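Colleague: predicted coordinates and the sequence they were generated for:
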Amino acid sequence: MNASHFIVARDDLKQSKFIETALPESRDLPEEGVLVKVERFAFTANNITYAMAGDQLKYWHLFPAPQGFGIIPVWGFGDVIVSRHPNIAEGERLFGYFPMATHLVIEAADVSKRGLRDAAPHRQVAAPVYNVYSRVGGDPAFAGRQGDYQALLRPLFMLSFLVDDFLAENQFFGASSAILSSASSKTAFGLAHLLHTQRQPVRVIGLTSAGNMEFVRSLGCYDEVVSYDAVSSMPADRTAVFIDMAGSGKLRGDLHRHLRDRLTYSMRVGLTHMDAARDEPDLPGAKPIWFFAPDQIRKRAKEWGPGGIESRFGNAWGGFVPMLDRCITVTESHGPAALEQVYRDTLNGRVAPDQGHILSLAE
């Protein structure tokens, strides 16, 4: 039997293809290794960010591909079909970081009742959070539509949660408002939900395309919604932090020049625009700074102690999930052709903000 992989050219994401590799026999698995069949996974604009930051943040190292190509990581579910580990049974369901592929070999380590870690040497270059798999068999929070929400939004909402925590910890750098670009994106409206429900009186402002204005307003978590072409018409006397989910160099420049010194902090989070790498020199206002979530995780893990992040995040997630039934329509697609179509639509910004795609390479 063979495994199928969807790979993309690392220097040109528009180039993609499928390749096949031979599945290992049980005897060829690493000691205490497991072979996992990738059952289903989510694909969102955040996965494009993973690809665009693949070299910088080591995502391309997680799932090796032929020279010049990469495998985009995705969040989803897999079933153990072969196990050489005495405490991992065949048939177990895992939730975590998978390749866009049909199978994955995991070198299981730190196995507990709740999860395990992939100890493969090539995976240790990225943040540890990307190597952890939860054992979710029988957990209703990871089954059915609730499981789809977990794959689509839990990793993104963790980023929303950490950005919210960072901004609150720093008292919003003295600003009275928070401006979010790509306001219709799932990470952005997760953050907007947290800001709106927990951080009043900070005013939450969403920037979006004209075509997404109605959707963003319908979310109910933005105090103000502004189209990209109207940025220069916003009041220039407000103090603001900018959370850049889109990565558009032009938008970032326009906002910096408009608010100037009233922009007290400029955070770069996402990379869904192709011109994301081009920054104007000497922009007025705060210098754009990348937010690196694992740093905030490490900081809070030390300060909050064992289970501190998980319990606080769990409470935040519980408050967010009811919003999803009314604002997200989940679409399931199977097979290589459907996967490639969703990939290209996402890469080219053609996915409606109320759509959530769950994919599988299996027909």
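Modeller: Looks like it came in fine. Everything quoted here is computed from the prediction, not taken from an experiment.
Colleague: buried stuff in the helix or strand Phe157 falls within?
Modeller: For Phe157, the host element (DSSP states H and E) is helix 144-169. Within helix 144-169, the residues scored as buried using 16 or more other C-beta atoms under 10 Å are 147-167. In short, each C-beta sits where N, CA and C put it, glycine included.
Colleague: just checking, next helix/strand downstream of that helix?
Modeller: strand 177-180.
Colleague: the very next helix or strand once past that next one packs against which elements?
Modeller: Following strand 177-180 in sequence order, the next helix or strand is helix 186-198 (DSSP H and E). Applying 3 or more C-beta pairs under 8 Å, 6 or more residues apart in numbering; DSSP states H and E, one finds that helix 186-198 makes contact with helix 45-52, helix 144-169, strand 177-180, strand 203-208, helix 213-219, helix 308-327.
Colleague: relative orientation of helix 186-198 and strand 203-208 in degrees?
Modeller: Counting by axes from the mean of the first three to the mean of the last three C-alpha atoms, to 10 degrees, helix 186-198 points 160 degrees away from the direction of strand 203-208.
Colleague: only the buried residues of helix 186-198, if you could.
Modeller: Those would be Lys186, Thr187, Ala188, Phe189, Gly190, Leu191, Ala192, His193, Leu194, Leu195, His196, for helix 186-198 by 16+ other C-beta under 10 Å.
Colleague: A strand includes Leu116, no?
Modeller: Yes: counting by DSSP: H, G, I helix; E, B strand; the rest coil, one finds Leu116 located in a strand.
Colleague: just checking, it touches Glu107?
Modeller: No: using C-beta atoms under 8 Å, Leu116 makes no contact with Glu107, being 9.7 Å away.
Colleague: report the angle between the least confident helix or strand in the chain by mean pLDDT and helix 186-198.
Modeller: Among the helices and strands of the chain, helix 45-52 carries the lowest confidence by mean pLDDT, DSSP states H and E, at a mean of 89. Angle, helix 45-52 to helix 186-198, by the same axes, to 10 degrees: 120 degrees.
Colleague: what is helix 45-52 packed up against?
Modeller: strand 12-22, strand 73-83, helix 144-169, helix 186-198, helix 336-347.
Colleague: reformat those as JSON lines; add mean pLDDT.
Modeller: Shown next, in JSON lines, are these (pLDDT from 0 to 100):
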{"stretch": "strand 12-22", "mean pLDDT": "97"}
{"stretch": "strand 73-83", "mean pLDDT": "97"}
{"stretch": "helix 144-169", "mean pLDDT": "95"}
{"stretch": "helix 186-198", "mean pLDDT": "96"}
{"stretch": "helix 336-347", "mean pLDDT": "97"}
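Colleague: domain assignment for the protein?
Modeller: 2-142+328-360, 157-295 (automatic domain parsing).
Colleague: closest to Trp317 out of those?
Modeller: Trp317 lies closest to domain 157-295 among the domains of the chain, at 6.2 Å (C-beta to C-beta).
Colleague: number of nearby residues for Gln56?
Modeller: 11 (other C-beta atoms under 10 Å).
Colleague: confidence score at it?
Modeller: For Gln56, the model assigns a pLDDT of 83.
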